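Trainee: Please find the sequence and the predicted model below.
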Amino acid sequence: MAGGGIGGLATAIALRHAGLDVEVFERSSELSEVGAGLMIWPNGTRSLHSLGVEIHALKVSRILLSTWHGRSILEYPMHTISERYGSDVAFVHRRALHAGLAANFGKEGLHLAAEVSDFEQDETDVRVRLTDGSVVSGDVLVGAEGLRSGVRRRLLGDGDPVYLGSTVWRGIVKSDGLALPAGHGINWFGRGAEFLAFHIPDDQIYWGGVTKEPRGEKPGPGGHKDDLLRRFGAWPQLVRGVIEATDPGAILRNDMYDRPPVKHWSAGRVTLVGDAAHPMTPNQGQGACQALEDAVALGESFKGAAGVAEAFALYERRRVRRANRVVTMSHQATRGVQIENQVLCALRDGFIGLLPQGILLRTLDSTVAA
């Protein structure tokens, strides 16, 4: 297993459940995740239950979509969603999810400061070369190193991910004095921009702001906080409040990328999971959930297959079309956020506001239903 992030550890657990001896090679010297929040939809919850992983999460009681002026557009029917899909939606700190997976997998078979640099394969095994020059062999190799996966580059040779024209800033603050109740999340839409804030466990608020920016742009003289306040200073008070309450040194900024969907993630004895297979924008809140689904599907495919080729075929049959659909939906949602024309923004917001609940639920069916 190349990569010890969420997708890598989840897949390692699933393959171990399938009876495989698993070795995880993680390039970092310690297991850690950046400070960010995640939404775990029912499909992610089902996957975690299948893996036997417990996490510290907060039940979502309200998700509201709003204009940047503060006018409500749409409220998700959370009770109906819970009943329809068999579990609640939850807010969780990314670090808590990663820690839960790491605790379940344990230290045996986990190799830190060990990065996969190349591999060779034939009909009998895969030989993996690490950056320190050592070579290890195994029956299969799973690439789970994220957006810029080296295993994917070697396996598919499809170049670099595609910059989408937007940057996302993220942060976490204590919820004291900020008007966002526990279990609530709000997503505001503006002209070429959006901002979200949701309450995560331990009385914290995770927030994220997205604007159209040149790729690789550096922060201005005042740093990330001044950049954000210039862009979002006229938005609702809660938006300004979470930005102002955030330690400037704790604000993360990343350009947004994805890749066009591909039809196959496997070749020979090597396959991909998570962002290495299907990197997507965060607009559908499905990145972690889809990686967890990959893990469970790959593990179950090995349980039901006579060999590696059959297992990979079962895995792709179960996952490629579904994950690619979410990639496309997330990409389209990003393009919707990037609309700058005032009239088109009004039409976008009006369309969302008039969306019948039945259509909203049928859209969710394609993503979160079993």
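Mentor: Received, thanks.
Trainee: so what's Trp265 up against?
Mentor: Thr271, Leu272, Val273, Ala277, His278, Glu316, Val320 (Cβ atoms under 8 Å, 6 or more residues apart in numbering). (C-beta placed from N, C-alpha, C; glycine too.)
Trainee: Specify the local secondary structure of it.
Mentor: Following DSSP: H, G, I helix; E, B strand; the rest coil, the label given to Trp265 is coil.
Trainee: from the contacts of Trp265, which single one is nearest Thr167?
Mentor: His278 (21.6 Å; Cβ to Cβ).
Trainee: what number of residues lie near the closest one?
Mentor: 27 (other Cβ atoms under 10 Å).
Trainee: isn't it right next to Asn324, touching?
Mentor: Yes - here His278 reaches Asn324: they are 6.3 Å apart, a contact under Cβ atoms under 8 Å.
Trainee: thinking again about what came up before, can I get the contacts of Trp265 in a markdown table including pLDDT?
Mentor: Converted to a markdown table, these look like this (pLDDT from 0 to 100):
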| residue | pLDDT |
| --- | --- |
| Thr271 | 98 |
| Leu272 | 98 |
| Val273 | 98 |
| Ala277 | 98 |
| His278 | 97 |
| Glu316 | 98 |
| Val320 | 98 |
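Trainee: Out of those, which sit inside helices?
Mentor: Taking DSSP state H, the ones among the contacts of Trp265 that sit in helices are Glu316, Val320.
Trainee: what's the closest of the contacts of Trp265 to Leu74?
Mentor: Distances from Leu74 to those, taken by Cβ to Cβ, are shortest for His278, at 26.7 Å.
Trainee: quick one: Gly8 from Ala14, how far?
Mentor: 11 Å (Cβ to Cβ, to the nearest Å).
Trainee: swap that for Asp139, sorry
Mentor: Applying Cβ to Cβ to Asp139 and Ala14 gives a distance of 15 Å.
Trainee: More neighbours: the two, which one.
Mentor: Shown here are Asp139 and Ala14; by other Cβ under 10 Å, Ala14 has more neighbours (27 against 12).
Trainee: burial measure for the closest residue to the more buried one other than its chain neighbours, as a count.
Mentor: Using Cβ to Cβ, 6 or more residues apart in numbering and skipping residues adjacent in sequence, the residue nearest Ala14 is Gly299, 2.8 Å away. Gly299 has 24 neighbours, counted by other Cβ under 10 Å.
Trainee: What residues are bridge-paired with the closest residue to Ala245 other than its chain neighbours?
Mentor: Counting by Cβ to Cβ, 6+ apart, Val173 is the residue found nearest to Ala245 once chain neighbours are left out, at 4.3 Å. Beta bridges link Val173 to Ile205 when assigned by DSSP bridges.
Trainee: so what's in contact with His278 and Asn324 at the same time?
Mentor: With Cβ under 8 Å, 6+ apart, His278 and Asn324 have common neighbours Pro261.
Trainee: how many neighbours does the residue nearest to Ala245 have?
Mentor: Count around Val173 with other Cβ under 10 Å applied: 20.
Trainee: ditto for Ser137
Mentor: Around Ser137 there are 13 residues (other Cβ under 10 Å).
Trainee: Gly287 too?
Mentor: Around Gly287 there are 24 residues (other Cβ under 10 Å).
Trainee: List the residues that contact it.
Mentor: By Cβ under 8 Å, 6+ apart, the neighbours of Gly287 are Leu38, Gly274, Asp275, Met280.
Trainee: Next secondary structure after the helix or strand Ser330 falls within?
Mentor: Using DSSP states H and E, Ser330 maps to helix 308-337. Next along the chain after helix 308-337, taking DSSP H and E as the criterion, comes helix 342-353.
Trainee: May I see the buried residues of that next one?
Mentor: Cys345, Arg348, Asp349 (16 or more other Cβ atoms under 10 Å).
Trainee: Over to stretch 353-369?
Mentor: Leu360, Leu361, Leu364, Thr367, Val368.
Trainee: Just give me the closest of the residues you listed to Gly190.
Mentor: Gly190 has its nearest neighbour among these in Leu360, at 21.8 Å by Cβ to Cβ.
Trainee: tell me the SS of the closest one?
Mentor: helix.
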